[in-house]
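S.K.: sequence and predicted structure are below.
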Amino acid sequence: MGDYKKYFVYTILSLKDFSLYTGLTTNLKARLEEHGRGLVSSTRIRIPFKLIHYEYFVNLEDAKTREYYLKSGHGQARLKDTLKKTLASKVYMPYRLLR
């Protein structure tokens, strides 16, 4: 079998303002590190992040279509509905309040 390209559509949650960001990459680990280090201008002010969803594709057009959908109002609403327990649980919070 030949080499297959890998495409990831991912969604991260800002633990600063609880906004969602959906993107597309061929290297998920490296891209998440870029977000975390503030190297992505569109998410720099929303650090820190938690990966809450990703999908794997072998076809770039399929991945782009999915990313476009998840960035749409309807797609984002469906994603939030799918992840409602994750978004409501607050288990992803990495910080604890100091008393």
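M.R.: Looks like it came in fine.
S.K.: from here on, just use CA atoms for contacts and neighbour counts.
M.R.: Noted.
S.K.: which residues sit against the top helix by length along the chain?
M.R.: Longest among the helix segments of the chain by residue count, using DSSP state H, is helix 60-71. Helix 60-71 has contacts (C-alpha atoms under 8 Å, 6 or more residues apart in numbering) with Tyr7, Phe8, Val9, Thr22, Gly23, Leu24, Tyr56, Phe57, Gly75, Gln76, Leu79.
S.K.: now the element after that helix, going C-ward?
M.R.: helix 73-82 (DSSP states H and E).
S.K.: what is the distance between that following helix and the centre of its chain?
M.R.: 13 Å (C-alpha atoms, centre = their mean, to the nearest Å).
S.K.: which parts of it are buried?
M.R.: Judged by neighbour count using 16 or more other C-alpha atoms under 10 Å, the buried positions of helix 73-82 are Gln76.
S.K.: now for it, which elements pack on it?
M.R.: Packing contacts for helix 73-82, counted by 3 or more C-alpha pairs under 8 Å, 6 or more residues apart in numbering; DSSP states H and E, involve helix 60-71.
S.K.: next, the buried residues of the helix it packs on.
M.R.: Quick answer for helix 60-71 (16+ other C-alpha under 10 Å): Leu60, Ala63, Lys64, Arg66, Glu67, Leu70, Lys71.
S.K.: then it to CSV, C-alphas only?
M.R.: Below are the C-alpha coordinates for helix 60-71, written out as CSV (Å, rounded to 0.1, in the frame of the first residue of the first chain):
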residue,chain,number,x,y,z
LEU,A,60,-7.9,16.9,1.7
GLU,A,61,-11.2,18.0,0.0
ASP,A,62,-13.2,15.9,2.5
ALA,A,63,-11.2,17.5,5.4
LYS,A,64,-11.7,21.0,4.0
THR,A,65,-15.5,20.4,3.6
ARG,A,66,-15.7,19.2,7.2
GLU,A,67,-13.7,22.1,8.5
TYR,A,68,-15.9,24.5,6.6
TYR,A,69,-19.0,22.9,8.1
LEU,A,70,-17.7,22.9,11.6
LYS,A,71,-16.9,26.6,11.3
